[in-house]
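Undergrad: Give me the fold of what follows.
(2 chains)
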Amino acid sequence: MVSSILPLRVEAAEVKRRGTRLIGPIDLTLGKTGVTIVLGPNGSGKTTLLRLMQGLERPAHGSLVWSIPEAEVRTKLAFVFQTPTMMRRSVTDSIAYALTVAGTKRAEARKRAREIAEQVGLGHALDRSAGVLSGGEKQKLALARALIRQPEILFLDEPCANLDGRATREIEIILTDAKSRDTRIVMSTHDLGQAARLADEIVFMLNGCVHETGPAERFFSTPETPEAHAFLNGQIVE
Amino acid sequence: MNEIVEGLVEAARLIVVLDPELVEITLRSLQVTITAVVIAAAIGLPLGAWLAVNRFRSRRLVIALLNALMGLPPVVVGLIVYVILSRAGPLGVLGLLFTPTAMIIAQVIIVTPLIASIAHQAIRDLWSEYHDLLISLNTTKRQRVATLLWDARRALLTACLAGFGRGIGEVGAIMIVGGNIDNATRVLTTAIALETGKGNFALALGLGFVLIALAIAVNLLIHSLSRTESSATW
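TA: Below you'll find the predicted structure:
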């Protein structure tokens, strides 16, 4: 049996850049299942929190405690960025890249890349250059590249920020499908409607700290803090 | 003005009749420069990529030095290689002086910093774009360098072509280490220098136009083979 990397405990973690605190101290526990949505105004630290958990940022203070050694954790994480990086390759090769760098033979990686590209709706663009895709297609490619390694946790940083309603719905279908395959999803968004549709748990951030956490249903119906209440009512929160 | 026209006519004549001497020195020019560029690319491209993805204490100094070496005076390079390869020099025993190999060595020294520096610039830009993706995919340093070299291949091709341009037109170093020996080390640039010295301006200009045409032809050929300007592909 493969051991799970979860739960993750973030213990008094702080991220600093050139001596300036970006986020923290943060205490947070990420459970084994479900979808966690990170909410908060611009600059509240949502992206930095995701990058910290993914390992793209190192804590200046505090720590991240996984249930298995950290060296083994990295291969079980995947990240989808707000602006997806498009490699100078075809759609198939861009997706297959995630497998080939993990040691899969190129032919096998390309075969699986074509399969997952079909699943996310990129079957018509397999040989097209990744750079010429539309915004929604680029985000689907980034999702396919993340999902092909069957990560235990998928981090997404506002994946639908620049997409229209149709593309957003298609991304949400892919995420719901990933969730049904036991992929743990942690995602930041500004879209409260999307948060309500997808979330099992909400992490509400303000000024670089976790201000409130809890089950999504409770958060949306009876937020505990006045700031969360104001945020849900569309007021400016600082 | 007359001399330029005469030069063009002479160039056309040399090409039309496929002058055996022209063919010989042209092929030698290509052999020396292409070999030098291949060796310089094998050194310069990974070096440029390595400098782009690694952080170490004297990195800025190394990059500044590399950029400065782009302007290495070929005559000085020729002189140093001459001293090293001369009979009394440390590598004199190899007997390489006044051979095409010595000319290749000199050109490698001249071209490598140029290729490495342009490669470093191109790969540094790509690395800033790919950084988070490659880190999040848990790639090794070797994989990152290989990925950046492959995905920056168009810019790196330009670096190699710049190196080819510098090499094919170079005269100072190869004149010193090659000696401009007929049927042995004479190339287009040294032949031009020789004919100019003899006052055969039309022939010198003719050879010059052949050299320019050759450089353009090689660039066009490489671009067409690599399809660098096709829009929907990388």
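Undergrad: Name whatever forms a beta bridge with A:Phe79.
TA: A:Phe155 (DSSP bridges).
Undergrad: Could you report the separation of it from A:Leu156?
TA: 8 Å (Cβ to Cβ, to the nearest Å). In this view, the C-beta of every residue, glycine as well, is placed from N, C-alpha and C.
Undergrad: And those two? Which one has more around it.
TA: For the pair A:Phe79 and A:Leu156, the greater number of neighbours falls to A:Leu156 (27 against 24), based on other Cβ atoms under 10 Å in any protein chain shown.
Undergrad: Next, the buried residues of the lowest-mean-pLDDT helix or strand in chain B.
TA: Of all the helices and strands that make up chain B, the one with the lowest confidence by mean pLDDT, DSSP states H and E is helix B:2-16; it has a mean of 82. By neighbour count, and taking 16 or more other Cβ atoms under 10 Å in any protein chain shown as the criterion, the buried residues in helix B:2-16 are B:Gly7, B:Glu10, B:Ala11, B:Leu14, B:Ile15.
Undergrad: Can you redo these as JSON lines, where the extra columns are distance to chain A?
TA: Putting the buried residues of helix B:2-16 into JSON lines (distance: Cβ to the nearest Cβ, whole Å) gives the following:
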{"residue": "B:Gly7", "distance to chain A": "43"}
{"residue": "B:Glu10", "distance to chain A": "45"}
{"residue": "B:Ala11", "distance to chain A": "40"}
{"residue": "B:Leu14", "distance to chain A": "42"}
{"residue": "B:Ile15", "distance to chain A": "38"}
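Undergrad: Show me the shaky parts of chain B.
TA: Residues of chain B meeting the criterion pLDDT under 70: B:1, B:227-234.
Undergrad: and it, which residues reach chain A?
TA: By Cβ under 8 Å from any Cβ of the partner chain, the part of chain B that sits against chain A consists of B:129-130, B:132-133, B:135-139, B:143, B:147, B:151-154, B:232-234.
Undergrad: List buried residues within the residues you listed.
TA: A residue is treated as buried here by neighbour count (16+ other Cβ under 10 Å); on that basis the buried members of the residues of chain B next to chain A are B:129-130, B:132-133, B:135-139, B:143, B:147, B:151-153, B:234.
Undergrad: ok so, going back, please convert the buried residues of helix B:2-16 to CSV, extending it with distance to A:Val203.
TA: Below are those laid out as CSV (distance: Cβ to Cβ, whole Å):
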residue, distance to A:Val203
B:Gly7, 76
B:Glu10, 79
B:Ala11, 74
B:Leu14, 77
B:Ile15, 74
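Undergrad: Between all of the residues you listed, which two are separated the most?
TA: Of all pairs drawn from the buried residues of helix B:2-16, the greatest distance, 12.6 Å, lies between B:Gly7 and B:Ile15 (Cβ to Cβ).
Undergrad: can you pull the pLDDT of the residue of chain A most remote from its centre?
TA: Residue farthest from the centre of chain A, counting by Cα atoms, centre = their mean, is A:Ala107 at 28.4 Å. What the model reports as pLDDT for A:Ala107 is 97.
Undergrad: Show me what the top helix by length along chain A is packed against.
TA: For chain A, the helix that runs over the most residues, judged by DSSP state H, is helix A:165-180. The helices and strands touching helix A:165-180, judged by 3 or more Cβ pairs under 8 Å, 6 or more residues apart in numbering or on different chains; DSSP states H and E, are helix A:135-147, strand A:153-157, strand A:184-188, helix A:192-198.
Undergrad: how about JSON lines for these, with mean pLDDT added?
TA: Shown next, in JSON lines, are the helices and strands packed on helix A:165-180 (pLDDT from 0 to 100):
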{"stretch": "helix A:135-147", "mean pLDDT": "95"}
{"stretch": "strand A:153-157", "mean pLDDT": "97"}
{"stretch": "strand A:184-188", "mean pLDDT": "97"}
{"stretch": "helix A:192-198", "mean pLDDT": "95"}
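Undergrad: For B:Ala215, find the nearest of the ones you listed.
TA: Across the helices and strands packed on helix A:165-180, closest to B:Ala215 is helix A:135-147 (Cβ to Cβ), at 39.3 Å.
Undergrad: Need the CA coordinates for that closest one. PDB is fine.
TA: Extracted C-alpha coordinates of helix A:135-147, given in PDB (Å, rounded to 0.1, in the frame of the first residue of the first chain):
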ATOM      1  CA  GLY A 135      -6.300  31.000 -22.700                       C
ATOM      2  CA  GLY A 136      -8.700  28.200 -21.700                       C
ATOM      3  CA  GLU A 137      -6.800  25.600 -23.700                       C
ATOM      4  CA  LYS A 138      -3.500  26.700 -22.100                       C
ATOM      5  CA  GLN A 139      -5.000  26.200 -18.600                       C
ATOM      6  CA  LYS A 140      -6.400  22.700 -19.700                       C
ATOM      7  CA  LEU A 141      -2.900  21.800 -20.900                       C
ATOM      8  CA  ALA A 142      -1.400  23.000 -17.500                       C
ATOM      9  CA  LEU A 143      -4.000  20.800 -15.800                       C
ATOM     10  CA  ALA A 144      -3.300  17.800 -17.900                       C
ATOM     11  CA  ARG A 145       0.500  18.300 -17.300                       C
ATOM     12  CA  ALA A 146      -0.200  18.400 -13.600                       C
ATOM     13  CA  LEU A 147      -2.700  15.500 -13.500                       C
END
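Undergrad: Check which helices and strands that helix is in contact with.
TA: In this structure, helix A:135-147 makes packing contacts with strand A:77-80, helix A:91-100, helix A:106-119, helix A:165-180, judged by 3+ Cβ pairs under 8 Å, 6+ apart.
Undergrad: How far away from the center of its chain is that helix?
TA: The gap between where helix A:135-147 is centred and where its chain is centred comes out at 12 Å by Cα atoms, centre = their mean, to the nearest Å.
Undergrad: Could you pull out the buried residues of it?
TA: With burial defined by 16+ other Cβ under 10 Å, the residues of helix A:135-147 counted as buried are A:Gly136, A:Glu137, A:Lys138, A:Gln139, A:Lys140, A:Leu141, A:Ala142, A:Leu143, A:Ala144, A:Arg145, A:Ala146, A:Leu147.
Undergrad: Look at A:Leu204 and tell me its secondary structure.
TA: You called it Leu, but residue A:204 is Phe. Using DSSP: H, G, I helix; E, B strand; the rest coil as the criterion, the local structure at A:Phe204 reads strand.
Undergrad: now do the one 10 residues further on
TA: The three-state label given to A:Gly214 by three-state DSSP is strand.
Undergrad: what residues are up against it?
TA: Taking Cβ atoms under 8 Å, 6 or more residues apart in numbering or on different chains as the criterion, A:Gly214 is in contact with A:Glu201, A:Ile202, A:Glu224.
Undergrad: Any chance of a ChimeraX selection covering the buried ones in these?
TA: In ChimeraX, this line selects whichever of these come out buried by 16+ other Cβ under 10 Å:
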select /A:201,202
